[in-house]
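# Next come a sequence and a model predicted from it.
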Amino acid sequence: MHPIDRRAFLTRTALACAGALATGLPLAARATQGVSKNEIVVGTIQDLSGPMASLSKPIQNGMILRTEQVNAAGGINGRKLKLIVEDSSYDPKKGVLAAQKLVSQDKIFAMVATPGSVVSLATIPICLEKGVLHLFPITAHTGNYEPFHRLKFSAANPYPNTTRIGLTQMIKRGGYKRVGILYQDDEYGMEVVRGVEIALKEAGLPLVERTSYKRGATDFSSQMQKLKAANPDLIVLATIIRETIGAMATAKQLGYTGDFFGSEAAYQPVVAKAGGKAVEGLYAISTIATPYRDDPSNPKALNEWMDAYKARFKEDPDLYSVYGWLFLDVFVRAAEKAGPNLTTDGVVKSLETNPYPRSFVGNPELIWSATKRMGQEQARLARIQDGRWVNVSEFYK
């Protein structure tokens with residue numbers, strides 16, 4: 001080849017490769033980020049030093065346990081799994097820095113199980129820009145699957161849907177006629193309000209009273225007096241942990257004798273454990289159940305999993321331990337089914353065509369498709385009985 005022609009050929013080849021990379025076209029020689037001959041690197045952003053640390057620690061531990069189990073069994077199609085955890089302190093700015101490190105420096109293949117809407121939503125664009133999968137954030141915000149993008153998958157049913165499902169079933173079961181709501185004055189609270197309004201409209205019932213509180217509030221006297229004056233037989237709580245406990249304690253002190261129904265955000269292990277008599281009888285929406293080792297209805301596999309977790313971390317697993325383990329397991333199964341030639345496209349196709357079944361941890365079936373990125377649409381009712389959460393229904397859709 002003539003020297004000038006050779007230079008032109010090399011220039012055209014380089015331009016073609018650059019164009020293929022820019023458009024996402026496959027190249028035979030192109031390496032997949034985070035995948036080497038012997039290893040697959042995944043990342044997660046947890047709150048290890050902020051207000052959600054009590055939730056993130058068990059999430060992290062669940063992910064560590066699954067990673068160690070996978071590697072002890074020989075890895076994923078012969079590759080060991082490497083998990084890198086970064087701390088956000090539940091600060092979206094720190095979360096962005098953590099995401100930038102994970103995708104650009106650590107070169108992760110996928111981001112998995114990041115908790116909290118503020119961190120998840122802030123870090124999605126960083127992953128998508130780098131072509132990194134953003135999988136199963138532990139948050140029910142619709143922004144985790146809308147607008148559609150082929151690289152983001154959600155496993156959480158959003159608050160309007162779960163609230164509508166749960167309240168509809170509560171009305172059918174309890175025959176309630178007068179429903180009021182206490183809600184947090186932010187987007188989370190309004191998402192629950194939207195679900196309540198839909199359910200009541202479908203049931204032909206009015207919302208007899210609605211009252212809000214500012215995030216971080218500790219005094220609910222005025223709100224509960226206002227609700228009690230409307231004489232509801234059911235109060236919906238768009239609350240989380242301490243607000244759930246505080247609101248119910250205040251209402252009972254004021255003499256309210258009706259029932260309470262909490263959103264999925266109120267379905268927290270600590271609410272049942274720390275709330276005492278104040279929260280006894282609370283109904284709430286549940287998807288994955290809080291595990292209790294002494295529950296005689298546990299399948300053998302769940303008890304064995306709980307024993308393995310306690311042996312590894314010297315503490316009992318909770319709901320968030322299950323979340324961490326489960327969502328990493330969903331990734332592991334998808335990567336295994338994608339085959340030895342692991343690529344992002346292969347995992348996307350695997351998730352789109354292979355539902356994740358109900359398992360020993362009690363999760364609903366997770367189903368995605370080529371046009372659908374919200375993986376489940378089910379919910380069930382649970383109730384606090386004798387200081388622990390007990391499922392009182394099967395899954396509804």
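Done, it's in. Just so you know, these numbers come straight off a predicted model, no measurement behind them.
# How many neighbouring residues does the residue lying closest to Val96 once chain neighbours are set aside have?
Nearest in space to Val96, with sequence neighbours left out and distances taken as CB to CB, 6 or more residues apart in numbering, is Ala122 at 5.4 Å. Bear in mind the C-beta positions are built from the backbone N, C-alpha and C, glycine included. Ala122: 20 surrounding residues under other CB atoms under 10 Å.
# ok, then the element right after the helix or strand hosting Ala122?
If you go by DSSP states H and E, Ala122 is part of helix 117-129. Next in sequence after helix 117-129, counting helices and strands by DSSP H and E, comes strand 133-135.
# surely Ser89 meets Gly50?
Yes - between Ser89 and Gly50 there is a contact under CB atoms under 8 Å: 3.7 Å.
# ok, which stretches of the stretch 51-200 of the chain are strands?
For the stretch 51-200 of the chain, the strands defined by DSSP state E, counting those that start in this stretch occupy 80-87, 110-112, 133-135, 152-153, 179-184.
# Asn231: what's it in contact with?
By CB atoms under 8 Å, 6 or more residues apart in numbering, the contact list for Asn231 reads 178, 208.
# Contacts only, for Gly95.
If you count contacts by CB under 8 Å, 6+ apart, then Gly95 has 45, 88, 114, 118-119, 122-123 around it.
# What would stretch 318-337 look like as PDB? C-alpha coordinates only.
C-alpha atoms of stretch 318-337 as PDB (Å, rounded to 0.1, in the frame of the first residue of the first chain):
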ATOM      1  CA  ASP A 318     -33.800  -7.100  58.400                       C
ATOM      2  CA  LEU A 319     -35.900  -6.000  55.500                       C
ATOM      3  CA  TYR A 320     -33.000  -3.900  54.000                       C
ATOM      4  CA  SER A 321     -30.600  -6.900  54.200                       C
ATOM      5  CA  VAL A 322     -33.100  -8.700  52.000                       C
ATOM      6  CA  TYR A 323     -33.200  -5.800  49.500                       C
ATOM      7  CA  GLY A 324     -29.500  -5.700  49.100                       C
ATOM      8  CA  TRP A 325     -29.100  -9.500  48.700                       C
ATOM      9  CA  LEU A 326     -32.100  -9.800  46.400                       C
ATOM     10  CA  PHE A 327     -31.300  -7.000  43.900                       C
ATOM     11  CA  LEU A 328     -27.700  -8.100  43.500                       C
ATOM     12  CA  ASP A 329     -29.000 -11.600  42.900                       C
ATOM     13  CA  VAL A 330     -31.300 -10.300  40.200                       C
ATOM     14  CA  PHE A 331     -28.200  -8.900  38.500                       C
ATOM     15  CA  VAL A 332     -26.300 -12.100  39.000                       C
ATOM     16  CA  ARG A 333     -29.000 -14.200  37.400                       C
ATOM     17  CA  ALA A 334     -29.300 -11.800  34.400                       C
ATOM     18  CA  ALA A 335     -25.500 -11.800  33.900                       C
ATOM     19  CA  GLU A 336     -25.400 -15.600  34.100                       C
ATOM     20  CA  LYS A 337     -28.100 -15.900  31.500                       C
END
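# List the buried residues of it.
318-336 (16 or more other CB atoms under 10 Å).
# Likewise for stretch 235-251?
235-241, 243-251.
# again, but for stretch 44-55
Buried, per 16+ other CB under 10 Å, within stretch 44-55: 44-48, 50, 52, 55.
# between the helix holding Ala122 and strand 80-87, how big is the angle?
Calculated by axes from the mean of the first three to the mean of the last three CA atoms, to 10 degrees, helix 117-129 forms an angle of 130 degrees with strand 80-87.
# Tell me how many other residues surround Pro137.
For Pro137, using other CB under 10 Å, the count is 30.
# And Lys82, by the same measure?
18.
# Mind jotting down where the helices sit in this protein?
Taking DSSP state H as the criterion, the chain carries its helices at 3-23, 53-72, 92-100, 117-129, 159-174, 187-203, 221-229, 242-253, 269-275, 300-313, 319-338, 344-353.
# Including mean pLDDT and distance to Ser36, could those go into JSON lines?
Output for the helices of the chain, formatted as JSON lines (pLDDT from 0 to 100; distance: least, CB to CB, whole Å):
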{"stretch": "helix 3-23", "mean pLDDT": "43", "distance to Ser36": "19"}
{"stretch": "helix 53-72", "mean pLDDT": "97", "distance to Ser36": "15"}
{"stretch": "helix 92-100", "mean pLDDT": "97", "distance to Ser36": "21"}
{"stretch": "helix 117-129", "mean pLDDT": "95", "distance to Ser36": "20"}
{"stretch": "helix 159-174", "mean pLDDT": "97", "distance to Ser36": "40"}
{"stretch": "helix 187-203", "mean pLDDT": "95", "distance to Ser36": "40"}
{"stretch": "helix 221-229", "mean pLDDT": "98", "distance to Ser36": "56"}
{"stretch": "helix 242-253", "mean pLDDT": "97", "distance to Ser36": "46"}
{"stretch": "helix 269-275", "mean pLDDT": "94", "distance to Ser36": "38"}
{"stretch": "helix 300-313", "mean pLDDT": "98", "distance to Ser36": "27"}
{"stretch": "helix 319-338", "mean pLDDT": "98", "distance to Ser36": "14"}
{"stretch": "helix 344-353", "mean pLDDT": "98", "distance to Ser36": "15"}
